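**Student:** This is a predicted model, with the sequence first.
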Amino acid sequence: MLLYRLFGSALILRVAKLYNIGTMTSSMNQCNTVTRYLNQSEAAALDQDLFTEYKFSVDQLMELAGLSVASAIAKVFPPSTHSSALIVCGPGNNGGDGLVAARHMQLFGYNVSVHYPKRTPKPLYENLLEQCIRFNVNIIDKLPDTKDLNNEYKVLVDALFGFSFKPPVREELKPALDALIDSNLPVCSVDIPSGWDVEKGPGEGRALKPALLISLSAPKLCAKPEFLRNTKHYLGGRFLPTDILKKYNLEIPQYPDQEQIVKLSC
């Protein structure tokens, strides 16, 4: 009888554990929606609120954002299938997010390279770059041609321009954007697909078509389904206080358990 009870208890615990794992997996894989997207001025104002009212520092938010980016990429393009990654970084905060993501992706098991064509001469960015070097991230000054790019890497990360971007693209950054557009590799864009209008999307003509978009804090108008179409979409940046959500009338999906990202589209 005692043996029967022990066996029964173990079976119940096993079933419960499997149920919990299944529930967690289901919550990560389900498709969530948002009811409101930020315009360009709202995105800038929200960031400013975080700095001035809630006393976040730039490097705090950058670290959390970069971790979210790395986590989403690992979820969709894991190092087991996409072992080598090239991260293309711009001169602003979006590029800083990319430098943080590079360090985390290296720790996740990727072989990471960074192309940083226009470096920002500020201690924060210099420190992030030094951290990449110390973590054995390869820094490349010149992009390979399209054929070599496709042969050398499995996934590209677009961290060129964020929500402050206004066209046209500066000449020194055009080769980097062209490489992202012309490549046959999956491109993962950080917050905004580079070159897109933050509110109106890709527009007409030649434009980047990312395989994955990681929106940060809250999705911007260019992340609407009619613009993204078949692009996979995740939300990261799990640091918005309740009062900010109320102020900007935002309803974002719940993050599962301790996850840094939540899926927004299938």
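**Tutor:** Structure received.
**Student:** From here on, just use CA atoms for contacts and neighbour counts.
**Tutor:** Will do.
**Student:** So in this structure, where's the weakest helix or strand by average pLDDT?
**Tutor:** helix 2-29 (a mean of 43; mean pLDDT, DSSP states H and E).
**Student:** where do the strands sit along this protein?
**Tutor:** 84-89, 111-115, 138-140, 155-159, 187-190, 212-216, 232-236, 261-263 (DSSP state E).
**Student:** Most tightly packed of those?
**Tutor:** Mean neighbour count (mean count of other Cα atoms under 10 Å) peaks for strand 187-190 among the strands of the chain, with a mean of 30.
**Student:** That strand: partners in the sheet, and parallel or antiparallel?
**Tutor:** strand 155-159 (parallel), strand 212-216 (parallel) (DSSP bridges).
**Student:** Show me how far it is from its chain's centre.
**Tutor:** 7 Å (Cα atoms, centre = their mean, to the nearest Å).
**Student:** as a whole number, average confidence for it?
**Tutor:** Mean per-residue pLDDT for strand 187-190: 98.
**Student:** Run through the chain and note the low-pLDDT ranges.
**Tutor:** Judged by pLDDT under 70, the chain has its weakly predicted residues at 1-31, 266.
**Student:** Roughly how far does the residue nearest the centre of it sit from residue 157?
**Tutor:** In the chain, the centroid-proximal residue (Cα atoms, centre = their mean) is residue 69; its distance is 2.9 Å. Note on residue 69: its distance to residue 157, by Cα to Cα, to the nearest Å, is 9 Å.
**Student:** overlap in contacts of these two?
**Tutor:** 98, 190 (Cα atoms under 8 Å, 6 or more residues apart in numbering).
**Student:** Grab the nearest non-local neighbour of residue 34.
**Tutor:** Closest residue to residue 34 apart from its sequence neighbours, by Cα to Cα, 6 or more residues apart in numbering: residue 252 at 5.8 Å.
**Student:** Contacts only, for the one you found.
**Tutor:** If you count contacts by Cα under 8 Å, 6+ apart, residue 252 has them with 33, 34, 218.
**Student:** how much space is there between it and residue 262?
**Tutor:** Taking Cα to Cα, one finds residue 252 at 9 Å from residue 262.
**Student:** need the contact list for residue 70.
**Tutor:** Per Cα under 8 Å, 6+ apart, neighbours of residue 70: 101, 102, 104, 105.
**Student:** Could you double-check that the last one lies in contact with residue 113?
**Tutor:** No. Contact status for residue 105 versus residue 113: not in contact, 10.2 Å apart, counting by Cα atoms under 8 Å.
**Student:** What backbone torsions are found at residue 170?
**Tutor:** phi -70, psi 150 (degrees, to the nearest 10).
**Student:** who does the residue nearest to residue 140 when sequence neighbours are not counted bridge with?
**Tutor:** Nearest non-adjacent residue to residue 140, counting by Cα to Cα, 6+ apart: residue 115, 5.2 Å away. Residue 115 has these beta-bridge partners by DSSP bridges: residue 88, residue 140.
**Student:** Wait, residue 115 touches residue 137, no?
**Tutor:** No. Counting by Cα under 8 Å, residue 137 is not a contact partner of residue 115; they are 10.5 Å apart.
**Student:** And the helices in the stretch 51-200 of the chain?
**Tutor:** For the stretch 51-200 of the chain, applying DSSP state H, counting those that start in this stretch gives helices covering 58-76, 93-108, 123-134, 146-152, 174-182.
**Student:** which stretch among the ones you listed comes nearest residue 256?
**Tutor:** Closest approach to residue 256 among the helices of the stretch 51-200 of the chain (Cα to Cα): helix 58-76, 13.3 Å.
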